[in-house]
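In: Mind looking at a prediction? Sequence and model below.
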There are 2 protein chains.
Amino acid sequence: MATGMQNWRVTLSYDGTDFAGWQVQPGLRTIQGELQQALGRITGESPLPQGSGRTDAGVHALAQVASFQLRVPIPPENLARALNQTLPTAIRAISTVHALDDFHARHSARGKAYEYRIFTGDVCSPFLARYCWEPPWQLNLGDLQQAAKFALGQHDFTSFRAVDPDLSQRNAQVETDSVREIFHSEWEQAGPEMLVYHVRGNGFLHHMVRNLVGTFVDVGRGFQTPESIVRIIATKNRAAAGPTAPAAGLFLKQVEYGEPS
Amino acid sequence: MATGMQNWRVTLSYDGTDFAGWQVQPGLRTIQGELQQALGRITGESPLPQGSGRTDAGVHALAQVASFQLRVPIPPENLARALNQTLPTAIRAISTVHALDDFHARHSARGKAYEYRIFTGDVCSPFLARYCWEPPWQLNLGDLQQAAKFALGQHDFTSFRAVDPDLSQRNAQVETDSVREIFHSEWEQAGPEMLVYHVRGNGFLHHMVRNLVGTFVDVGRGFQTPESIVRIIATKNRAAAGPTAPAAGLFLKQVEYGEPS
């Protein structure tokens, strides 16, 4: 980091519905782009904020973490207030603090937690529809719970990784390794009409949570057995797993760091 | 009603954020227009559904009521399902039933209930921002509650009626009379960071609830006394009342009919 720069850590919550994902893309509204522009308007500096990872178009965050450096000295509470006055109301800075010099939102991350919300009732409220998936099948919660357990532990998750030639080329150096460890993987009945999948791990491949959920739903509707998760993982072939669940149900819930920064 | 026609009553819930209000307008997405199009796609008939009243752009409904006639015989449960398969997920038909021949969503209405949500915390969640107003002032709940009581009863509410030459001309025949009766008018603390205004009456003028809320907020921030509501009503002058509160906080909660239809 250049001398005289202050490293910052901002935790963001956002409704991803109307954004083309985290990553800056020309001509599109993105979370990273909105944050960069807000910083520019507030400070006159426009560092490209580094996220803990990209979220795809339509995916939400309860607590995404971004880091960036600023030259201008500004008290954290002032930057916090200015960000929330400048950002669109669909993006909120819920924590804005100085970070240690070596903190980096992606490189320093040790783990992440997501949740995925599925509506199982008859008619999904228009005030929930942006924040869940409404699959057309009846789902067996016991089977979902059993299937989720088979994803626990350290595995090569190639079967649940997006097959995306463009992306895998771009990330060839970053993500050659498909081995990840899942610490927590559980379905919960959250109220009479909502099922929530909670997953926590040391890292996730592109589309991994949504591909896991799409496969679990294949199990929950009786199209696959819970045990088939074991075979699907072993196959290391995306074609063996189920479809990608829609973005709307997915929330990045927490990014974990080894040390307070 | 023409012979052989079936009269229908549909109750809709909608997130009004991305619509230009209830009423059909050329080139704009409206609730009435979406419902008419959905009926057309399902039945081949495109009656213009009559709402209990217009909601403005950005205003939400927990239970708006619409009536229309169809020639085609279709079981209510089938029309209900087809509507929810055809309408955008921001609009849901929560009840779809046959109505008596003389039922009309607007003419038969005896009363309406609205609520208005105000966020009072520090940082409003992006998942709530579409559904509340976040005024920049500290509000005194006791003063809000006192002010709300002064709106109870039968009054000429001209001071709280939108001054809109275009609209008042269009509605000259419908809304010459500005006398309305309010049965219930109360502010509630709904959780630590939300205030909700509940109002129920025999009818409401254009912008009446939002103008009442804007004026109550003037009271809650100490800019007016609670008793000033009495004077403002007596003045019969829109300029005496406060600003129009934003659409996002307003929900049409219920439409009341004298008889089950």
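Out: Cool, got the structure.
In: switch to C-alpha atoms for all contacts and neighbour counts from now on
Out: Will do.
In: got the CA positions of the helix or strand A:E77 falls within in CSV?
Out: Counting by DSSP states H and E, the element that carries A:E77 is helix A:76-86. C-alpha atoms of helix A:76-86 as CSV (Å, rounded to 0.1, in the frame of the first residue of the first chain):
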residue,chain,number,x,y,z
PRO,A,76,-15.1,6.7,9.8
GLU,A,77,-18.5,8.0,11.1
ASN,A,78,-18.4,10.7,8.4
LEU,A,79,-17.6,8.4,5.6
ALA,A,80,-20.4,6.0,6.8
ARG,A,81,-22.9,8.8,6.8
ALA,A,82,-21.8,10.2,3.4
LEU,A,83,-21.9,6.7,1.8
ASN,A,84,-25.5,6.2,2.9
GLN,A,85,-26.4,9.6,1.7
THR,A,86,-24.8,9.0,-1.7
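In: gap between the helix or strand just after that helix and the chain center?
Out: Next along the chain after helix A:76-86, taking DSSP H and E as the criterion, comes strand A:91-98. Counting by CA atoms, centre = their mean, to the nearest Å, strand A:91-98 is centred 17 Å from the centre of its parent chain.
In: Same check on stretch A:144-159?
Out: 18 Å.
In: mean confidence for it?
Out: In this model, stretch A:144-159 has an average pLDDT of 98.
In: Quote the end-to-end distance of it.
Out: 18 Å (CA to CA, to the nearest Å).
In: Same question for stretch A:45-55.
Out: 24 Å.
In: which residues are in contact with it?
Out: Residues from elsewhere that reach stretch A:45-55, judged by CA atoms under 8 Å, 6 or more residues apart in numbering or on different chains: A:21-23, A:32, A:35-37, A:39-40, A:64-71, A:104-107, A:109, A:252, A:255.
In: Just the buried residues of it, please?
Out: A:E45, A:S46, A:P47, A:L48, A:P49, A:Q50, A:G51, A:S52, A:G53, A:R54, A:T55 (16 or more other CA atoms under 10 Å in any protein chain shown).
In: how deep is the closest residue to A:F157 other than its chain neighbours tucked in, by neighbour count?
Out: Leaving aside its sequence neighbours, A:F157 sits nearest to A:S178 (CA to CA, 6 or more residues apart in numbering or on different chains; 5.6 Å). Burial of A:S178 is recorded as 16 neighbouring residues (other CA atoms under 10 Å in any protein chain shown).
In: contacting residues for A:S178?
Out: Applying CA under 8 Å, 6+ apart, the residues near A:S178 are A:D156, A:F157, A:T158, A:R161, A:L205.
In: neighbours of the first one, just the number please.
Out: A:D156 is flanked by 16 other residues according to other CA under 10 Å.
In: Let me see the contact set for it.
Out: Contacts for A:D156 were tallied using CA under 8 Å, 6+ apart; they are A:S178, A:V179, A:R180, A:I233, A:A234, A:K236.
In: Keep only those of these that are in helices.
Out: Residues from those lying in helices, with DSSP state H as the criterion: A:I233, A:A234.
In: out of the contacts of A:D156, which one sits closest to chain B?
Out: A:R180 (30.6 Å; CA to the nearest CA).
In: Which stretches in the stretch 1-150 of chain A count as strands?
Out: A:6-14, A:50-51, A:60-70, A:91-98, A:109-119 (DSSP state E, counting those that start in this stretch).
In: Turn those into a markdown table, including mean pLDDT.
Out: Below are the strands of the stretch 1-150 of chain A laid out as a markdown table (pLDDT from 0 to 100):
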| stretch | mean pLDDT |
| --- | --- |
| strand A:6-14 | 98 |
| strand A:50-51 | 98 |
| strand A:60-70 | 98 |
| strand A:91-98 | 98 |
| strand A:109-119 | 98 |
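In: export the ones you listed to TSV and tack on distance to A:S125?
Out: TSV is the format used below for the strands of the stretch 1-150 of chain A (distance: least, CA to CA, whole Å):
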stretch	distance to A:S125
strand A:6-14	20
strand A:50-51	32
strand A:60-70	18
strand A:91-98	22
strand A:109-119	10
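In: Skip the chain neighbours and tell me the closest residue to A:F183.
Out: A:G201 (5.1 Å).
In: can you check A:T235 too?
Out: A:S159 (7.0 Å).
In: can I assume that neighbour is in contact with A:N237?
Out: Yes: contact criterion CA atoms under 8 Å: A:S159 and A:N237 qualify, at 4.4 Å.
In: circling back: from the buried residues of stretch A:45-55, which shows the smallest pLDDT?
Out: The model is least sure about A:S46 among the buried residues of stretch A:45-55, giving it 91.
In: now the residue nearest to it when sequence neighbours are not counted: how far from A:E34?
Out: For A:S46, ignoring the flanking residues on the chain, the nearest one in space by CA to CA, 6+ apart is A:G40 at 4.5 Å. According to CA to CA, A:G40 and A:E34 sit 10 Å apart.
In: Who has more neighbours out of the two?
Out: Set side by side, A:G40 and A:E34 show more neighbours around A:E34, with 18 against 14, by other CA under 10 Å.
In: what sits against that one?
Out: So A:E34 contacts A:L87, A:P88 (CA under 8 Å, 6+ apart).
In: near chain B, which residues of chain A show up?
Out: A:13-15, A:84, A:89-92, A:94, A:123-127, A:129 (CA under 8 Å from any CA of the partner chain).
In: how about those residues, which pair is most distant?
Out: Spatially, the most separated pair among those is A:N84 and A:V123, at 34.1 Å (CA to CA).
In: Low-confidence stretches in chain A?
Out: The model of chain A has pLDDT under 70 over residues A:1-2, A:165-176, A:259-261.
In: quick check: domain ranges of it?
Out: Per automatic domain parsing, the domain ranges recorded for chain A read A:6-98, A:110-257.
In: quick revisit: B:V255 versus the residue nearest to A:F183, what's the distance?
Out: 49 Å.
In: The two: which is more packed in?
Out: Using other CA under 10 Å as the criterion, A:G201 and B:V255 rank with B:V255 on top: 24 against 21.
In: A:T11 contacts A:A93, correct?
Out: Yes: here A:T11 reaches A:A93: they are 5.7 Å apart, a contact under CA under 8 Å.
In: neighbour-wise, which of these two wins?
Out: More crowded of A:T11 and A:A93, by other CA under 10 Å: A:A93, with 27 against 21.
In: How about the contacts made by that one?
Out: A:V10, A:T11, A:L12, A:S13, A:A80, A:L83, A:N84.
In: Point me to the residue of the stretch 151-261 of chain A nearest chain B.
Out: Nearest residue of the stretch 151-261 of chain A to chain B: A:F251, at 11.6 Å (CA to the nearest CA).
In: Could you give the number of residues near that residue?
Out: 27.
In: Contact partners for it?
Out: A:V59, A:H60, A:A61, A:L62, A:Y114, A:E115, A:Y116.
In: Can I take it that it is in a strand?
Out: Yes: A:F251 forms part of a strand when assessed by DSSP: H, G, I helix; E, B strand; the rest coil.
In: hey, what's it bridged with?
Out: A:H60, A:E115 (DSSP bridges).
In: residue contacts, the residue nearest to A:T235?
Out: A:I232, A:I233, A:T235, A:K236, A:N237, A:R238, A:A239, A:A240, A:A241 are the contacts of A:S159 under CA under 8 Å, 6+ apart.
In: Mind doing that once more with 6 Å?
Out: A:I233, A:K236, A:N237, A:R238 (CA atoms under 6 Å, 6 or more residues apart in numbering or on different chains).
In: Can you say which of those are buried?
Out: Buried subset of those (neighbour count, 16+ other CA under 10 Å): A:I233, A:K236, A:R238.
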